[in-house]
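Student: when you get a sec, could you give me coordinates for this:
(2 chains)
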Amino acid sequence: MYISILLKEILFISLFMHLVLSQDTEFKKVFYKKLLPVPCVRILNSTSVTGCQSLKPTSGLLILTETQDLLNDFIKSDRKGKYVVILPYELMTNDNLRSLESSGKMSGVLALINGTDPSSPNSAPIIQRPINFSPDEKCPNCQFGLYRNDESRYIWNPNGLGIIQERYDFPIFALYPFDKASNNSYNKIINGVQFNERRSYERFPLKAVEFDALMFAAIDASTCLRRNFCSPVGGHSVYSTPSIDMNENDGKPIIIVSAAMDSKSLFQGITLGLNNGISGSIALIAIADALSRSPTPVKNFQKHILFTSFAGEPWGFLGSQRFVKNIFEPFNCIQNKTKPTQSCGYNTGQSGGCTFPCFRDLDFKRINFSNIDSIIELSSVANGISLGPGNIQQFKYFVHVDNENNAGNRLLMQGLGALSGGIGVGFVRNASEDGVFRKLPPSSSMAFLEKNINIPAVVISDFQANLSNYYNSEYDDGSDLDVSTIISSICTIANVTSQAIWLHAQNILSPTSPTANTPISVNCTLVGLLLDCLTVDASCSLFDAFRRSKDDRISHYTGVYQQTSQQLLSRFHYNVLGSINANIISDRKCKNETDCQFGEICTNLHCASSFTRYHDSYGAGLEFIENGDMIVVDPEKATWVESVWSDFDFNLFNVTSIGSQVSELMTGILLTGLSIVSVIFGKKYVRKTLKLD
Amino acid sequence: MTLLTFFGCALTAFGPSLALFFLTIAKDAQLVILMISSAFFWLISILVASSIWFFSKSDATENPITILYSVLLQELFRWFLYKILRRAENGLVLASANPKSPYNVSAFAFASGLGFGLMNGLVTYINPLIISVGSGVIMCKSCPTLTLFFTGAITTCLFILLHTTWMILAFEGFRDPKRNYYYIIWVVLSHLGASYATMSNQADIKSGCVIGFVINTVLLVISIIASMRTLKKIK
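Tutor: Residues are numbered from 1 along each chain as shown, chains lettered A, B, ... in the order given. Predicted structure coming up:
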């Protein structure tokens, strides 16, 4: 009987304990101050593993090594224990990270990207922003580009540190204060490290942080996809044209105006890419807007104008390669079930798509690759203004081509030069005017030239010989430039380019075309609005149509491909280009395409007849198979996949010394031992005094 | 990472009381059951107290008020426990190992007190103890060299022992309230005093936690001596 009652009681107590333990996480917050994690994540392709990983939560005392000397001292020192090293971003070279790793004293790295001393907010930054900083490779994406087999290919990014392509098996998080939450984290960390410095790392308690950034990915892209621990890097490109009736057999040449919509850097969450990414897409939208105001509608010109905004270009030209592949190769729809299925979530019956291969619509087939007349690509164009002699601002942009002897290329180069003030004297110059012919920089045009090297293709940029100073870096946020300078730089080149396109689409672009003949110009106010929308002001009205939350920062990182859900930047381009290039915008309100009539799209909350579509963008070496799984079909091409992770944890807390922990243990053991002895003697004493024996 | 702290604090908090349990009560199934039943009574008291705290969150989050009503509720449930045990006493004595011993009732009180105290210790300290396995600590405000884990462990240890002696004294008082009313008054007052003394841990007083420990230890010594006196009086 006793036993059964005892068992019931034990059951009751264990239930109760379970309840108590479930409260554990709330209580934990008292001891661990949560910080905003801006992690570097693990990304794989078929041949390499890049990015960061921490297989188990790690922690360490905060230490700041402001200079290379301090860092060397730390690495050589005989300090005990583990440290989380706050490293100015400039010092984050692969060599430094490797020596920290092999020192055995480092459990994680915090990259200090910018920020001031929290105790005096108006003071100078703790670290100076470097003049050049690019975590990307010296020749970014060259292994996926047109010149991948070219031994003597030009090195476009000589300052590149190459840390994006390295594999680090320890956590790296960024310190980059830009809003309330990130400022709060930043201040706590810097206060913590200053606290430790005041206590000379000797008087405990000291401040430590803990990271948890477990990445599920392992081995390579193919294995990881099979295990379902990775998602393909990519998104949705957007293409749009005012030629609503464009079709495969109309024989009209097509001018492609292209730009990359997103960017890349070591830390996804704070990627902005103002020059490399945003500036080109703003110029593209501004050109589309200028052309839409042409006195004769541009759809009536001899040539079609097709705008393409590619997603995922920083990852081996995902967007352009996928788009070119689809419009170039003959398309066979193997299976069409007309209804959404598990492997293909589109209502293909309604939109005229295909279940396998999975496409929402087949309108890309209306673009005939052999009709492509020329490609005009806008690369980074935000920094086209420099101070010339006598401190006078001067504009300078460069046109890059693959082959200067191609007549089409020559016409475009000369036409742009002439419109900008004269060939060789205007502000648009040949990139090879210094006598060095470098061919094309990393660009989307390469995907087209891959299929037909003779297509005239020009890449317009603000750089001549090297990619921008902050190529694919967190510093490419425009804070080194004046906003009006950026706007004026983008607007100027967009203006000239739009005029060139307007003339070229009517076959009247010539090296001598006078500016007066082109009645179109770019709206610089729109450029300013777009810049504001895409960089600082997340509550911009252009986002109203689809943005859910207004206060989070817009990351311009590529992200991962999800079949039926488009990312913010894709939706932005779709809505903006969709309404600019719409033939008719109706009064009918809509939330998505299903609210509109057949053939219409829903753009900026209105049904419109517009030939604007999304196009899938993921590695050219990846394909979906019939059951909806993705496999690697060509390991030579881009096969980037991003690891799945559980939640990131990033906490700040106090730690005590080992010595005090040992004394706590000794106290416990002594007290228990003493108690046992005193209970034994106490029992004897009680028995004696109460005369129980 | 700091398993050292975990074991140190666990042994400090529960070592003495577990020594008492294993060397005295554990052998006697009847006493073990009594102990667990009294633990259940403590749980009900704290359930009521926490309900009051929960529903009056807006104006009664002040620690002194919370301590006041939760101590009074615990004492109330101590009395309920006594009332119930009183009804079962004859049966319990008969079923005990030595039915003729005059100390059976005292043994019941001791076991109930330990149950009351252990449950109190578990509920109040188990959360900090689990978190002490992690590397993060918070230092005690009044004694910045000690962690909250460790000061909590000492307080827990003292409170379990205090509850044990309070139960013996309270039962003595309840048995004959007219003559032994001062036991009841002592139990209630010293319970309140010991609880308020713990507030010195997070106060701005230098070495405040030591003051709290000293007060609690003094109360414990007085209570032990008083309990021994009650045992000696039984003949």
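
Student: list the helices and strands the longest helix belonging to chain B packs on?
Tutor: Of all the segments of type helix in chain B, defined by DSSP state H, the longest one is helix B:63-95. Applying 3 or more CB pairs under 8 Å, 6 or more residues apart in numbering or on different chains; DSSP states H and E, one finds that helix B:63-95 makes contact with helix B:29-55, helix B:104-131, helix B:148-175, helix B:177-198. Using the backbone N, CA and C atoms, a C-beta is placed for each residue, glycine as well.

Student: tell me how far that helix is from the chain's mean position?
Tutor: 12 Å (CA atoms, centre = their mean, to the nearest Å).

Student: how about it: buried residues?
Tutor: The neighbour-count check on helix B:63-95 (16 or more other CB atoms under 10 Å in any protein chain shown) flags B:66-67, B:70-71, B:73-75, B:77-79, B:81-82, B:85, B:92 as buried.

Student: quick one: pLDDT of A:Ala538?
Tutor: For A:Ala538, the pLDDT comes out at 65.

Student: that should have said B:Ser58, apologies.
Tutor: With respect to pLDDT, B:Ser58 has a value of 59.

Student: repeat for A:Trp645
Tutor: Predicted confidence (pLDDT) for A:Trp645: 89.

Student: which residues does it bridge with?
Tutor: Taking DSSP bridges as the rule, A:Trp645 bridges to A:Met215.

Student: tell me the mean pLDDT for the longest helix of chain B?
Tutor: The average pLDDT for helix B:63-95 rounds to 89.

Student: what's the angle from that helix to helix B:29-55?
Tutor: 160 degrees (axes from the mean of the first three to the mean of the last three CA atoms, to 10 degrees).

Student: surely A:Met666 meets B:Gly8?
Tutor: Yes - when contacts are counted by CB atoms under 8 Å, A:Met666 is listed as touching B:Gly8 (7.3 Å).

Student: which one of the two is surrounded by more residues?
Tutor: B:Gly8 (27 against 13; other CB atoms under 10 Å in any protein chain shown).

Student: how near is that one to A:Lys29?
Tutor: According to CB to CB, to the nearest Å, B:Gly8 stands 24 Å off from A:Lys29.

Student: B:Asn120 now?
Tutor: 24 Å.

Student: more neighbours: which of the two?
Tutor: Counted by other CB under 10 Å, B:Asn120 and A:Lys29 do not tie: B:Asn120 has more neighbours, with 21 against 10.

Student: surely that one meets B:Leu161?
Tutor: No - in this structure, B:Asn120 is not within contact of B:Leu161 by CB under 8 Å, at 11.0 Å.

Student: can you give me the end-to-end distance of stretch B:138-146?
Tutor: 9 Å (CA to CA, to the nearest Å).

Student: now the end-to-end length of stretch A:148-158.
Tutor: 17 Å.

Student: still on that earlier bit, pick the most buried one from the helices and strands packed on helix B:63-95.
Tutor: Of all the helices and strands packed on helix B:63-95, helix B:148-175 has the most neighbours on average by mean count of other CB atoms under 10 Å in any protein chain shown, namely a mean of 25.

Student: centre of the chain versus that one, how much separation?
Tutor: 3 Å.

Student: one more: stretch A:281-293?
Tutor: The answer for stretch A:281-293 is 24 Å, by CA atoms, centre = their mean.

Student: now swap in stretch B:25-35 and tell me
Tutor: Worked out by CA atoms, centre = their mean, stretch B:25-35 lies 18 Å from the chain centre.

Student: just stretch A:358-371 next, same as before
Tutor: Taking mean C-alpha positions (CA atoms, centre = their mean), stretch A:358-371 and its chain are 27 Å apart.

Student: and if you look at stretch A:498-510?
Tutor: Centre to centre, stretch against its chain (CA atoms, centre = their mean), the figure for stretch A:498-510 is 34 Å.

Student: can I get that stretch as PDB, trimmed to CA atoms?
Tutor: This file holds the C-alpha atoms of stretch A:498-510, laid out as PDB (Å, rounded to 0.1, in the frame of the first residue of the first chain):
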ATOM      1  CA  SER A 498      17.500  56.500 -72.100                       C
ATOM      2  CA  GLN A 499      18.100  58.900 -75.000                       C
ATOM      3  CA  ALA A 500      20.500  56.400 -76.600                       C
ATOM      4  CA  ILE A 501      17.900  53.600 -76.300                       C
ATOM      5  CA  TRP A 502      15.100  55.900 -77.600                       C
ATOM      6  CA  LEU A 503      17.200  56.600 -80.700                       C
ATOM      7  CA  HIS A 504      18.500  53.100 -81.100                       C
ATOM      8  CA  ALA A 505      15.000  51.600 -80.900                       C
ATOM      9  CA  GLN A 506      14.000  53.700 -83.900                       C
ATOM     10  CA  ASN A 507      17.300  52.800 -85.700                       C
ATOM     11  CA  ILE A 508      18.400  56.500 -85.600                       C
ATOM     12  CA  LEU A 509      21.200  56.300 -83.100                       C
ATOM     13  CA  SER A 510      24.400  57.600 -84.700                       C
END
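
Student: for the record, mean pLDDT for that stretch?
Tutor: pLDDT averaged over stretch A:498-510 gives 91.

Student: okay, buried residues for that stretch please.
Tutor: So stretch A:498-510, judged by 16+ other CB under 10 Å, has buried residues A:498-505, A:509.

Student: try stretch A:100-117
Tutor: Neighbour-count burial for stretch A:100-117, counted by 16+ other CB under 10 Å, picks out A:100, A:105-116.

Student: end to end on that stretch, go ahead and measure it.
Tutor: Stretch A:100-117 stretches 25 Å from its first residue to its last (CA to CA).

Student: same question, stretch A:116-128
Tutor: 10 Å.

Student: pLDDT score assigned to the closest residue to B:Leu34 other than its chain neighbours?
Tutor: Spatial nearest neighbour of B:Leu34, chain neighbours left out: B:Ala111 (4.6 Å); criterion: CB to CB, 6 or more residues apart in numbering or on different chains. Confidence at B:Ala111, expressed as pLDDT, is 94.

Student: distance-wise, check B:Ala111 relative to chain A.
Tutor: 13 Å (CB to the nearest CB, to the nearest Å).
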